[in-house]
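Colleague: For reference, the sequence and a predicted model appear below.
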Amino acid sequence: MTSHVFRLSGVGVLGFVLCGMRGVAIAQTEDQVTVAGTAERDAAAVTETETGPSFLSGDWGGARSNLVEKGLTFDLQWTQSAQGVVSGGVDTGWEYGGSVDLLASLDLGRMDVMEGGYLRVLVEGRYGQSVIGQAGTVLPVNTDLYFPLTDELDEDVLAISELSYTQFLSSQFAVVLGKLQTLDGDPTEFANGRGRSQFMNFSLVAPNLTGLAIPYSTLGAGIVVLPSDKVTVTSLIMNTTDSSTTSGFSDIGDGASWLTEVQFQYRLGKLPGGQNVGFAYAFDNDFLNYSRSGLTGSGLVVQNEDSTWTTYWSAWQYLMTLDDPPDVIAAGDGRLDVRGLGVFARLGVVDDDTNLVHWGGSIGIGGRGLIPTRDEDSFGFGFAYTEFNNQGLLSALLLEDEANGFEAYYNAALAPGVELTGDIQFLEPVVQRVSHTIVAGVRLNLQF
């Protein structure tokens with residue numbers, strides 16, 4: 001069982017992400033029902049397959065499209081990264097690691113098994129080494145090599161991090177249950193991608209302050225409400241304990257988290273945009289109260305709270321587009337839907353009694369296809385900031401009261417399903433003994 005810990009040996013906090021299962025919108029035609037939204041990547045894979053080969057292995061002479069028509073969609077990705085701490089940090093040097101991830105979605109309606117039923121499975125594998133422990137930062141500098149969570153950094157792992165079932169009871173209401181993974185939550189067009197296709201630093205991939213309330217992978221159940229194709233309301237109850245590498249059943253009763261998120265999209269003129277607002281409350285657990293714990297004349301005093309909370313907001317907006325945008329943007333699939341330029345922002349606040357952090361946020365800009373003849377190339381620039389609580393415990397732990405960082409990347413599309421990324425991060429760590437850190441990296445993503 002992987003527990004929530006605050007790593008002080010070079011790395012910092014386990015940053016957990018509030019998911020909110022993505023909304024599911026059903027689009028009906030005369031001869032089919034397609035899903036758009038349970039995972040935007042699932043929908044994107046369906047669309048790309050139906051319009052032509054966009055994978056490294058192609059369409060297999062039409063066999064892949066035939067499988068989609070029969071209700072089976074899958075996405076196999078192999079991501080490799082070579083990253084190095086070139087200045088500062090706990091230690092300098094380069095490391096190589098990679099991940100192999102298989103995401104499969106089954107449309108049980110198309111399979112004539114259960115109308116309105118959808119099964120989603122995510123299997124994640126990780127190997128090699130990362131520089132997460134060498135960077136000395138609060139949040140991991142390589143999101144892809146951080147998840148799924150293990151007891152030690154850089155453990156080779158193969159895990160089923162999601163096995164969920166969604167059942168639509170009407171076109172606007174569904175129930176979901178199973179083992180859920182939360183990194184795909186908070187869909188933001190210019191800053192998602194699980195560290196595989198856009199930014200690598202966790203603080204620019206997801207809300208960087210979800211505190212202790214949300215695990216990465218755990219058992220849960222809830223509802224999804226879709227008032228329209230551009231508005232999704234999700235509410236879930238789940239175990240608070242992470243179960244990335246276990247079934248999660250043994251964690252039932254060890255604390256629970258309730259989370260609710262509202263996602264909506266709109267147009268400013270003809271330019272698409274979107275916002276997400278979420279709240280999470282964890283209860284029936286033991287969380288250290290930092291404001292009431294510490295060294296006194298009588299010795300070490302430790303006090304716990306049985307609950308904690310976090311709230312967050314995010315937004316994204318296209319500033320210009322070179323293509324006609326679709327009605328609904330697949331904002332969380334890690335790839336820009338249209339050629340153009342846009343901005344994003346995130347802001348989060350947590351319970352400062354049970355967290356060393358108080359608030360944090362990020363802003364940035366991203367784009368795709370702005371260089372002639374390079375329609376599929378993309379780029380991004382982002383800045384993230386975290387403010388820590390001004391409690392005496394910070395100095396006792398040799399921590400600064402703030403941390404920040406800047407990241408820039410450029411994705412070069414070399415072939416269908418092949419992207420090569422150059423990435424640079426300039427970081428101001430929270431650990432007092434760690435100087436300014438520069439992390440450089442190269443990433444290769446293959447989508448079969």
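Modeller: On my side now, so go ahead.
Colleague: name the element Ala413 belongs to?
Modeller: strand 402-415 (DSSP states H and E).
Colleague: Pull out the buried residues from the following helix or strand past that strand.
Modeller: Counting by DSSP H and E, the element after strand 402-415 in chain order, helix or strand, is strand 418-428. Neighbour-count burial for strand 418-428 flags Glu419, Thr421, Asp423, Gln425, Phe426, Leu427, Glu428 (criterion: 16 or more other CB atoms under 10 Å). The way it works is simple: take the backbone N, C-alpha and C, and place the C-beta from them, glycine included.
Colleague: just stretch 405-413 next, same as before
Modeller: Quick answer for stretch 405-413 (16+ other CB under 10 Å): Gly405, Phe406, Glu407, Tyr409, Asn411, Ala413.
Colleague: just to revisit the earlier point, any idea of the angle the strand holding Ala413 forms with strand 418-428?
Modeller: 170 degrees (axes from the mean of the first three to the mean of the last three CA atoms, to 10 degrees).
Colleague: Which neighbours in the sheet does strand 402-415 have, and how are they oriented?
Modeller: strand 378-388 (antiparallel), strand 418-428 (antiparallel) (DSSP bridges).
Colleague: Can I get the buried residues of stretch 405-413 in CSV including distance to Gln129?
Modeller: As requested, the buried residues of stretch 405-413 are exported to CSV (distance: CB to CB, whole Å):
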residue, distance to Gln129
Gly405, 21
Phe406, 24
Glu407, 21
Tyr409, 21
Asn411, 23
Ala413, 27
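Colleague: which residues of the stretch 301-448 of the chain fall in strands?
Modeller: 304-305, 308-321, 340-350, 357-368, 378-388, 402-415, 418-428, 437-447 (DSSP state E, counting those that start in this stretch).
Colleague: quick one: Pro372 from Arg339, how far?
Modeller: Pro372 sits 11 Å away from Arg339, taking CB to CB, to the nearest Å as the criterion.
Colleague: Please say which of those two ends up with more neighbours.
Modeller: Arg339 (18 against 6; other CB atoms under 10 Å).
Colleague: so where is the protein shaky, pLDDT-wise?
Modeller: For the chain, the stretches flagged by pLDDT under 70 are 1-53, 210-211, 293-298, 390-399.
Colleague: Now the residue nearest to the spatial centre of it: which helix or strand?
Modeller: The residue lying closest to the centre of the chain (CA atoms, centre = their mean) is Leu183, at 3.1 Å. Using DSSP H and E, Leu183 sits within no helix or strand.
Colleague: Wait, it touches Ile214, no?
Modeller: No - checked against CB atoms under 8 Å, the pair Leu183 and Ile214 is beyond contact range at 10.2 Å.
Colleague: now the host helix or strand of Trp258 against strand 308-321, angle please.
Modeller: Assigned by DSSP H and E, Trp258 belongs to strand 256-268. Put simply, strand 256-268 runs at 20 degrees to strand 308-321, going by the same axes, to 10 degrees.
Colleague: contacting residues around stretch 420-429?
Modeller: 83, 88-89, 135-138, 141, 197, 199-201, 400, 402-412, 414, 435-445 (CB atoms under 8 Å, 6 or more residues apart in numbering).
Colleague: wait, Cys301 sits on Arg292?
Modeller: Rather than Cys, residue 301 is Val. Yes - Val301 lies in contact with Arg292 (CB under 8 Å); the separation is 7.3 Å.
Colleague: where's Arg64, which helix or strand?
Modeller: helix 63-69.
Colleague: quick one on the thing from earlier: tell me which residues of the strand holding Trp258 come out buried.
Modeller: Buried, per 16+ other CB under 10 Å, within strand 256-268: Ala256, Ser257, Trp258, Leu259, Thr260, Glu261, Val262, Gln263, Phe264, Gln265.
Colleague: For the last one, which residues are in contact?
Modeller: Same thing as Gln265. By CB under 8 Å, 6+ apart, the contact set of Gln265 is Lys230, Val231, Pro272, Gly273, Gly274, Val328, Ile329, Ala331.
Colleague: Cool, thanks, talk later.
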